[in-house]
Structures are given as structure tokens and as C-alpha cells.
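In: Give me a 3D structure for the following:
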Amino acid sequence: MSELVLGPLLRYVGEREATIWVETDCACEVEILGNRTPTFEVSGHHYALARIDELEPGTATPYEVHVDGECRWPPAHSPHPPSVIRTIKEGTSYRVIFGSCRVARPHEPPYNLKRDADARAKEIDALYTYALRMTTRPPEEWPDLLLWLGDQVYADDVSNGTERFIASRRTTDDAPGSEVADFEEYTRLYLDSWSDPLIRWILSTVSSAMIFDDHDIVDDWNISEAWIREIRRQPWWHERIVGGIMSYWVYQHLGNLSPSQLDDDPVYRRITAGEDAGPLVRELAERSDHDVGAMRWSFHRDLGRTRLVVIDSRAGRVLGEQERRMVDEREWDYIQRSASGDFDHVLIATSVPFLLAPGMHHLEQWNERVCAGAWGGLAARAAERIRQAIDLEHWAAFDRSFRELAELERSVASGERGRPPATVITLSGDVHHAYVQEVAFRSNGRGDRAGERAAVYQAVCSPMRNALSSKERRIMRFGWSRPFTAVARLLARAAGARDQDIRWRSVDESEPWFNNQLATLDLDGRTARVRLERPGPGDGGPPQLEQLAERRLA
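Out: I've put the predicted structure just below:
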């Protein structure tokens with residue numbers, strides 16, 4: 001008898017169509033709302049991405065999942081509300097929740113204790129707590145989209161179940177030890193990360209979009225050309241990177257695409273039911289590891305009158321020291337075409353922040369210049385060690401791409417790419433703290449269209465569950481300090497870093513916030529509001545969310 005292993009995950013949702021992802025234990029047929037989809041196989045695992053069409057805009061449609069004719073979702077006697085598909089309708093409000101960095105651990109002591117209380121502690125899961133609250137609220141208050149901004153799984157900090165699975169199949173005395181080694185181990189990591197009943201329910205009823213970051217593969221993935229050379233010497237690396245990209249394509253990337261975009265996917269359109277697609281997906285992964293142009297992971301979605309552009313700021317990096325870019329020219333052309341005006345809001349999502357604390361921004365400018373030889377070969381080697389030791393790898397460390405993204409946001413905001421939206425908002429994660437920044441540009445003589453200009457912001461929210469220790473927080477706070485900023489600016493100028501036509505400032509004196517946390521972006525017409533919440537212990541009951549900050553952006 002066929003069983004549901006993982007899912008359903010509600011992925012793409014438009015005005016009249018949706019996709020739902022599932023994993024099953026064998027080849028079978030999946031039926032949802034009368035739409036029948038055969039599974040496809042990847043290296044012994046079975047999946048389906050069901051397309052649901054003929055929906056009506058602005059409606060909520062409950063659904064069940066039948067596998068070979070038997071109902072497998074919802075579970076019998078489920079305490080949670082029915083899973084629903086809520087379609088988009090232009091002119092209605094839209095709610096996005098977003099964040100990054102979520103490790104999979106039990107929701108009990110010692111794992112939900114304060115980070116400094118126990119070596120195993122990861123504190124309270126923000127997404128789990130949000131889902132708890134959702135079950136007590138009417139569907140009208142539920143989010144429309146969950147935007148995952150990287151580190152959806154930690155291949156180098158695995159769940160308890162995955163660690164036991166690894167130990168059951170190979171020795172952990174040799175590298176990569178208890179970290180994930182291949183596609184098979186990735187499948188177990190995703191299972192542990194998304195199979196908690198409450199997490200499974202929220203993923204079944206809130207549409208999701210995802211982009212990977214380094215820990216989905218390994219810490220510091222693609223930080224530099226020197227890092228790539230060194231890790232490719234490790235005998236375990238090939239299967240790790242191939243398994244990581246294969247699993248990302250199956251578990252995350254496919255659901256990012258609309259049905260029409262799926263038809264254009266170079267691998268998905270070649271899959272034949274009944275045949276193992278593992279060799280096809282493996283070939284894609286191997287090509288992607290060595291050729292950044294082999295696959296475009298960036299994507300966009302239209303959320304009514306809002307355009308969401310999600311940038312792959314990890315896998316597509318160009319790492320030659322004299323030509324460093326966050327994405328190659330072909331992918332950047334796609335991003336520019338996708339980020340246009342004539343929307344109420346333009347959201348640009350990137351796993352690593354565009355704008356950092358000013359001191360860290362200048363430090364990354366300095367480091368990139370010195371690594372490229374500005375102070376000679378000996379200094380370049382020392383700067384590379386610093387780069388890898390303290391993760392100097394954000395947009396500021398890719399100066400050309402930083403300037404291109406700044407210019408893109410300026411041109412959208414000023415109306416050079418169509419009628420200016422009310423807001424241009426960059427959404428990011430990665431850095432294990434949260435902040436909101438207001439952005440301004442030097443005009444350089446370029447006028448705004450008919451006196452209009454969008455409000456430009458960046459909102460960063462991280463982590464969902466992987467809070468920093470007290471020591472790590474103190475170090476991070478120093479990176480926001482005025483003395484550090486002054487020294488870092490002098491270093492950057494001494495290395496020849498150029499000034500940039502963009503300025504930003506924090507909007508709240510309390511920033512940054514160091515917690516497990518989740519952010520909400522509410523869009524209604526041409527108004528926008530962002531809210532940050534953290535989980536805390538309930539008063540003798542389940543955990544609850546506490547609001548940290550709220551800001552109207554437009």
C-alpha cells in the first residue's frame with residue numbers, strides 16, 4: 001500500500017493555479033482535487049509535483065491528498081485546520097512571512113532552552129511558534145507566502161535522526177563525519193526538517209518560495225576561488241556537492257516555479273514516469289558545480305500587484321579575484337528584466353544581505369581589494385584567511401555586483417523602468433540577527449519620473465531557529481559600533497575602495513535584534529508595513545510570539 005512520506009507542501013500559487021509537492025514511498029499516482037499526477041523517481045525516491053488548475057481568484061479551497069486512491073492527507077484525527085489553497089486576487093491585501101536559518105531539533109528541553117544554557121540548545125523555533133498561533137486564528141489572518149531565505153536545512157549541523165541514520169550506514173570517523181555525505185543522507189535531513197506535524201501542516205497550507213544559502217551545502221560555500229580550490233581536494237566533497245544540488249532541485253527549486261516555468265525546466269521536462277531520473281538530476285548537479293551558467297536558480301513570482309524577484313546569491317557566484325560577481329552576466333540580465341516598475345511593490349530577495357552594518361560593509365570592501373592584490377601577495381594571502389575566518393562574503397565583498405544592484409534599485413524606484421512602485425524592499429537573512437534600513441541614493445543629476453520616487457528599504461530577518469550565543473552577539477554588536485565603523489572605513493579607503501552612490505540607516509534605535517525570529521510584510525494597495533516577532537515561553541502553556549518592532553514603509 002502506497003504511503004505519503006513527506007508533504008504535502010503547497011508551493012506555487014497564482015490566481016487560478018497552484019502546485020503541490022509530495023514524496024511517497026513507491027511509484028504511484030497522486031490525486032489532489034481531481035488532478036492526477038504520476039510520481040517520478042530520483043535515485044530510489046519517489047516524488048510528485050501536482051498541478052492544480054481551474055481555481056477561482058481570491059478563493060480558499062480545502063484539499064486532500066490521495067495516493068493510489070487512498071486518502072493519505074490529512075492524517076486521521078488531525079487536530080489542525082484543513083489544508084487549503086488560497087489563490088491570489090489582484091486588488092486584495094497580501095501577507096509575506098520571511099526568515100532564514102532553521103536547524104531541525106525537538107521542541108523540548110534541552111533543545112528549546114536558551115543558547116548558553118546547554119551545548120545542544122537552539123532556543124524556541126520561531127516558525128513552529130508561528131504555526132501554533134495560526135491554528136488559533138481565522139484563515140483571513142494567515143500569511144499568503146512563506147519566503148525561506150536560505151539554510152532551510154543544515155548539512156553541516158544535522159538533526160538527531162539524520163545523525164543516527166548516518167551512523168547506521170557508514171563510519172563517522174572519517175570526513176565528513178556526522179555531516180551529510182550524499183543525496184541519500186540529504187533525503188533524510190529534509191524528512192527530519194519538515195516532518196514535524198505542525199511544520200508539515202503550515203507547509204501544506206501556506207505557499208512557499210525558497211532559495212539556498214551556504215549551510216544547505218556547507219559553511220562558506222563559494223566564498224572565494226581559493227576556498228573552491230581547497231575543498232575540491234577533499235575526497236568527500238564531490239558526492240556532497242552533487243547530493244546537495246540534486247536534493248535542492250527536488251525538494252526546493254521545482255516548487256519555486258510556475259506551471260509554465262516548469263515546462264521550460266531543462267531537466268523536469270525530460271522526466272518520464274516509470275524511469276529513474278537520478279542520472280538526469282545528477283548530471284545537472286555536476287554541471288552546475290563547475291559551470292555557473294548551467295542553471296539559473298534565480299526566479300520571480302507575481303503576487304497580485306507585487307513583483308517578487310528572488311536572487312541566487314550563492315550558487316551562481318563568479319569567483320575570479322579580478323572579476324568577482326554575485327551572479328554571472330546571463331543571470332544578471334534575467335534579474336534586471338524581472339525587476340521592473342508598474343507594480344505597487346517590488347521585492348528583491350537575496351539570502352545574503354545587500355546592506356550590512358556600515359562597519360562590516362567597509363571591512364568587506366577592504367578585504368575584497370586586498371585579496372585582489374591591492375597591498376601585494378603576502379597581504380592577499382592573509383586577507384583570504386581573514387575572509388574565510390569571519391565570513392566576508394556578502395554583496396559588499398562583490399563590489400561590481402553591489403553597484404549593479406544599487407543602480408537597479410535606484411532605477412526602479414525613480415521610475416526609469418516603468419511607473420515607480422510605492423516601495424522597493426530588499427529581503428534578506430543569513431546574518432543571525434534582524435534589522436530594517438532606510439535607503440537613499442545620490443541623484444547624480446538623474447531626475448525622478450514626474451516627481452515620483454519609491455520608498456526603498458532593506459529588511460533582514462535571521463534566524464528562525466539557530467540563535468547566537470552571548471559571546472557571538474557581543475562580537476556582532478561591536479560590528480555595528482561607531483569606532484569599528486570609523487576604522488573599517490579608513491581601511492577601505494587605504495585599500496582603494498571607491499565611494500558608492502547609496503546611503504542607508506537603521507530605522508529603530510533598538511537594532512539589531514538577536515533572537516530566533518520571524519518577520520511579516522503586509523502589503524495592501526500601495527501601503528506596506530513590516531513587523532518582527534520572536535518566540536518566547538508561554539505562561540505555563542505553549543510558546544507564544546512577542547512583537548519586537550513594527551514599521552510602516554509606505
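
In: Would you mark the buried spots in the helix or strand hosting residue 488?
Out: Using DSSP states H and E, residue 488 falls within helix 482-494. Going by neighbour count (16 or more other Cβ atoms under 10 Å), the buried part of helix 482-494 is 484-485, 488-489, 491-492. C-beta here means a position set from N, CA and C on the backbone, and glycine is covered the same way.

In: Looking at it now, give me its mean pLDDT.
Out: Averaged across helix 482-494, the pLDDT comes to 98.

In: Now do that helix: distance to the chain's middle.
Out: Computed by Cα atoms, centre = their mean, to the nearest Å, the chain-centroid distance of helix 482-494 equals 31 Å.

In: Can I get it as PDB, trimmed to CA atoms?
Out: What follows is helix 482-494, C-alpha atoms only, in PDB (Å, rounded to 0.1, in the frame of the first residue of the first chain):
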ATOM      1  CA  ARG A 482      31.000  53.700  15.600                       C
ATOM      2  CA  PRO A 483      34.600  53.100  16.500                       C
ATOM      3  CA  PHE A 484      34.700  49.900  14.400                       C
ATOM      4  CA  THR A 485      32.900  51.700  11.500                       C
ATOM      5  CA  ALA A 486      35.500  54.500  11.600                       C
ATOM      6  CA  VAL A 487      38.500  52.100  11.500                       C
ATOM      7  CA  ALA A 488      36.900  49.900   8.800                       C
ATOM      8  CA  ARG A 489      36.200  53.000   6.600                       C
ATOM      9  CA  LEU A 490      39.800  54.100   6.800                       C
ATOM     10  CA  LEU A 491      41.000  50.600   5.900                       C
ATOM     11  CA  ALA A 492      38.700  50.500   2.900                       C
ATOM     12  CA  ARG A 493      39.900  53.900   1.600                       C
ATOM     13  CA  ALA A 494      43.500  52.900   2.200                       C
END
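
In: Give the other helices and strands that that helix contacts.
Out: Contacts defined by 3 or more Cβ pairs under 8 Å, 6 or more residues apart in numbering; DSSP states H and E place helix 482-494 against helix 358-371.

In: Report the angle between the helix it packs on and helix 482-494.
Out: 30 degrees (axes from the mean of the first three to the mean of the last three Cα atoms, to 10 degrees).

In: Show me what helix 358-371 is in contact with.
Out: 224, 321, 324, 355-356, 379-380, 382-384, 386-387, 392-394, 396-399, 479-481, 484-485, 487-489, 491-492, 494-497, 504 (Cβ atoms under 8 Å, 6 or more residues apart in numbering).

In: Please flag which of those sit within helices.
Out: Mapping the contacts of helix 358-371 onto helices (DSSP state H) picks out 379-380, 382-384, 386-387, 399, 484-485, 487-489, 491-492, 494.

In: Residue 227 is in contact with residue 388, isn't it?
Out: Yes: shown here, residue 227 and residue 388 form a contact pair, counting by Cβ atoms under 8 Å, at 6.1 Å.

In: Which neighbours do the two have in common?
Out: Shared contacts of residue 227 and residue 388, counting by Cβ under 8 Å, 6+ apart, come down to residue 220.

In: Need the phi and psi values for the closest residue in space to residue 409 that isn't next to it in sequence.
Out: Excluding its sequence neighbours, the residue lying closest to residue 409 (Cβ to Cβ, 6 or more residues apart in numbering) is residue 424, at 5.2 Å. Dihedral pair for residue 424: phi -120, psi 120, per degrees, to the nearest 10.

In: and if you look at residue 80?
Out: Per-residue torsions, residue 80: phi -100, psi 160 (degrees, to the nearest 10).

In: List the buried residues in stretch 92-108.
Out: Judged by neighbour count using 16+ other Cβ under 10 Å, the buried positions of stretch 92-108 are 94-105, 107.

In: Same question for stretch 179-198.
Out: By 16+ other Cβ under 10 Å, the buried positions in stretch 179-198 come out as 179-196, 198.

In: Quick check: residue 43 touching residue 276?
Out: Yes: under the criterion of Cβ under 8 Å, residue 43 makes contact with residue 276 at 6.9 Å.

In: Looking at those two, which one has more neighbours?
Out: For residue 43 versus residue 276, the count of surrounding residues by other Cβ atoms under 10 Å is larger for residue 43: 18 against 15.

In: ok, and the closest non-adjacent residue to that one?
Out: What sits nearest to residue 43 in space, not counting adjacent residues and going by Cβ to Cβ, 6+ apart, is residue 278, at 3.7 Å.

In: residues contacting the one you found?
Out: 41-44, 183, 246.

In: mind checking the end-to-end distance for stretch 47-67?
Out: Taking Cα to Cα, to the nearest Å, stretch 47-67 runs 12 Å from one end to the other.
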